[in-house]
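Participant: Okay, predicted coordinates and the sequence, questions at the end:
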Amino acid sequence: MYPTSHEHHLSLHKNSQLNDVKPQHKVLGCFLIVLSVAFSNVQNIFQILSHIVIVMYILYLSKIPLKTYLKRLTLDIPFILFALFLPFLSSENNDKVFEIFSLNIYQTGLNDMLTILFKATLGLTIGIVLTAVTSSMEIIYGLQKLKVPNILIAIMSFTIRYIDVFIDEFKRVRISMKSRGYLEKGLKSLIPIAFASGAMLIRGYERGERVYLSMISRGFQGTIEFKSRSYKTSYKFSLCVVSSLVILGIDKLL
Amino acid sequence: MHVPDGFINAPVSAASGLISLATIWAYIRNAKNLVADRLIALTGMMSALIFVLQMINFPIAAGTSGHLLGGALAVVVLGPSLGIICISIVVVIQSLLFADGGLSALGVNLLNMAVVTSLIGWITISTWKKLFGESYSSTISGSFIAGLLSVVFSSIAFVLEYSLGGTVAVPLGSVLIAMVSSHLLIGIGEGIITALIVSLLLRVRSDLVYVNKNTDKSNKVTSFYGLFILLILVLTLITPYASSSPDGLESVAESFGFNEDTGVVLFLEDYGIENINNNFLSTVLSAVLGIVVIVGLFNIFIKVKNRN
């Protein structure tokens, strides 16, 4: 019952090509690839294989260690479990393929399982690559370049800054709760959690207010300017984006 | 609750993306008018806190655990326009920065977890306060109910999207029962946490709680929009049980040999709009249309009566 599921510092400091691509291009490109994967036709074997090749190539370009990648892929587990149940559940016109121990396995269910495994895993892979090669402040910088409204950018940067603070504080609060004999059982355990988080909100707000006032006194006017570093264009990444769009286009048009 | 890529098909993902983008854009424009400087800091804090709270899974019953969605909490503390912005930022950050929930399903996730939860939460808390007055206890009980209902209706919104564009062929009835029953339990947890946090805030810094203060004019539009969404979701819950077998009068008419064909051909033939293949969608649409017509006629009736 404590925050562990997300590691906060997800970006890896590797010198891959993708680290140097402009963040707005990275965000947009990843969106386009995921859209073309998600809207592709699963019955078409050529399309599946080419999408897998493209995504794996991007994964190779990003130089993420295999162990880290597999560790982050565990977010997918609930949906894989769900997908493994599908061959027994979903059926159309009772299209049985075969029977084990009086359990029926249906053709539609098998197709559905493959769809979910393929699309969810590839989508998550692209997400992992994006978060690994871009720091969170760079993603916000990219969003600002993509004309996301200023108020959202300001709130978002506040939020990202304070997630770390809250997680650290929550860990400390939990240790002190445990040392006073707190048990995590049943609905009753919600009460201390709720009061602790309420107290954290108040403390955090008062701290944020002070920080905000000092920001204003140093000339903050509602827009956040990020330091931009030198970026390069990666032809391989652009090629990947264009080719995955072309593959989707070929299937939709022909 | 985070829907991954490929769960909902392209048209429904695109449509829900458009709906949530339009909603968020409208609220950003609204918020620009009413943002006092420090509210930006409070909204950022609130997003960070809800993000952290969403990581904590609390056990509900044997084997299942749920986490907070936080829509009701955001709306009660920040008010409708900043609340929707706050909770959508949480969803966007989870999707872009933590790869939680698919990028192509971002619209679906925004609609379920940001727009529906906060609008339903706002409707509930504002109606509750109108019914039971402006007291401390009514605010707290109202935020409990708001938390509960927001989670339940969020799960119903998922069922609606699934029925329109689900890519897997699991029967709709079992999805509906599984989602709603498990989210009823999660909703109780959410309601308790929301009510407790609000009660603490009311006792310590009551100036931070939005519903405690006066309301703006623009909230009427929010309530109306929320009511519209509530209506659609409630109809989703009901329509699977709306039977298309003839009712008493129709069966009598048929047995006596006069058919409907001879009369005026109704637009809403057997509660389903023709030309729309999806049976479920057409039933929902026709139900919405029917209610709009009834409300319109009622309004005209009231106006005519007042004039006389």
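Facilitator: Here it is on my side, so go on.

Participant: And A:Leu239, how close does it get to chain B?
Facilitator: Distance of A:Leu239 to chain B, given as Cβ to the nearest Cβ, to the nearest Å: 20 Å. Where C-beta positions appear, they are placed from N, C-alpha and C, glycine not excepted.

Participant: tell me what the helix or strand harbouring that residue is packed against?
Facilitator: According to DSSP states H and E, A:Leu239 maps onto helix A:235-253. Packing partners of helix A:235-253 (3 or more Cβ pairs under 8 Å, 6 or more residues apart in numbering or on different chains; DSSP states H and E): helix A:23-38, helix A:45-62.

Participant: Tabulate the CA atom coordinates of the first one in PDB.
Facilitator: Just to be clear, that refers to helix A:23-38. Only the C-alpha atoms of helix A:23-38 are listed here, as PDB (Å, rounded to 0.1, in the frame of the first residue of the first chain):
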ATOM      1  CA  PRO A  23      11.200  16.900 -28.200                       C
ATOM      2  CA  GLN A  24       8.200  18.300 -30.100                       C
ATOM      3  CA  HIS A  25       9.100  16.000 -33.100                       C
ATOM      4  CA  LYS A  26       9.500  13.100 -30.700                       C
ATOM      5  CA  VAL A  27       6.200  13.500 -29.100                       C
ATOM      6  CA  LEU A  28       4.400  14.000 -32.400                       C
ATOM      7  CA  GLY A  29       6.200  11.100 -34.100                       C
ATOM      8  CA  CYS A  30       5.500   8.700 -31.300                       C
ATOM      9  CA  PHE A  31       1.800   9.700 -31.400                       C
ATOM     10  CA  LEU A  32       1.700   9.000 -35.100                       C
ATOM     11  CA  ILE A  33       3.400   5.600 -34.800                       C
ATOM     12  CA  VAL A  34       1.100   4.500 -32.000                       C
ATOM     13  CA  LEU A  35      -2.000   5.700 -33.900                       C
ATOM     14  CA  SER A  36      -1.000   3.800 -37.000                       C
ATOM     15  CA  VAL A  37      -0.300   0.700 -34.900                       C
ATOM     16  CA  ALA A  38      -3.600   0.900 -33.000                       C
END
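
Participant: Centre of the chain to it, how far?
Facilitator: Mean-position distance between helix A:23-38 and its chain equals 12 Å (Cα atoms, centre = their mean, to the nearest Å).

Participant: got the buried residues for it?
Facilitator: The neighbour-count check on helix A:23-38 (16 or more other Cβ atoms under 10 Å in any protein chain shown) flags A:23-27, A:29-38 as buried.

Participant: For the closest residue in space to B:Ser88 that isn't next to it in sequence, give me its contacts.
Facilitator: Leaving aside its chain neighbours, B:Ser88 sits nearest to B:Ala114 (4.1 Å; criterion: Cβ to Cβ, 6 or more residues apart in numbering or on different chains). Each residue near B:Ala114 by Cβ atoms under 8 Å, 6 or more residues apart in numbering or on different chains is listed here: B:Ser20, B:Ile24, B:Gly71, B:Ile84, B:Ile87, B:Ser88, B:Val90, B:Val91.

Participant: again, 6 Å this time
Facilitator: B:Ile87, B:Ser88, B:Val91 (Cβ atoms under 6 Å, 6 or more residues apart in numbering or on different chains).

Participant: One more: B:Gly226?
Facilitator: With Cβ under 6 Å, 6+ apart, B:Gly226 has these contacts: B:Leu119, B:Trp122, B:Ile123.

Participant: avg pLDDT for stretch A:132-139?
Facilitator: Averaged over stretch A:132-139, pLDDT sits at 83.

Participant: quick one: contacts of it?
Facilitator: With Cβ under 6 Å, 6+ apart, stretch A:132-139 has contacts from A:Ser11, A:Leu12, A:Leu18, A:Asn19, A:Pro23, A:Lys26, A:Ser62, A:Ile64, A:Ile160, B:Leu96, B:Leu97.
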